[in-house]
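Enquirer: Requesting a structural model of the entry that follows:
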Amino acid sequence: MKALVAVEHAMLTAAWHMLTTAELYQDPGADYFTRHSPGRAKARALGQLGSLGYHVTLEPLRQTG
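Expert: This next block holds a predicted model:
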């Protein structure tokens, strides 16, 4: 029931913004939350791997060229 109310709220919010600004809906994309909060995305991924029994060490990618 909570998920249904959350979806309804998101739809109403999007409709309100479209009606008040007279603009069409712009889909933020599938990676919106990753781009918006990369630290949270990294923490969530590490937490998921940890819950699966993995110990993860991160190293930055090496730039070539």
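
Enquirer: Averaging pLDDT per element, find the lowest-scoring helix or strand in this structure.
Expert: helix 32-36 (a mean of 91; mean pLDDT, DSSP states H and E).

Enquirer: May I have it exported as CSV, CA atoms only?
Expert: Extracted as CSV, the C-alpha positions of helix 32-36 are listed here (Å, rounded to 0.1, in the frame of the first residue of the first chain):
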residue,chain,number,x,y,z
TYR,A,32,19.5,9.7,-12.3
PHE,A,33,20.1,8.7,-8.7
THR,A,34,23.6,7.4,-9.5
ARG,A,35,24.5,10.8,-11.1
HIS,A,36,22.7,12.8,-8.4
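
Enquirer: Quick check: next helix or strand after that helix?
Expert: helix 38-51 (DSSP states H and E).

Enquirer: How about residues contacting that next one?
Expert: Helix 38-51 is contacted from outside by 33, 34, 56, 58, using C-beta atoms under 8 Å, 6 or more residues apart in numbering. (Glycine included, C-beta is placed from N, CA and C.)
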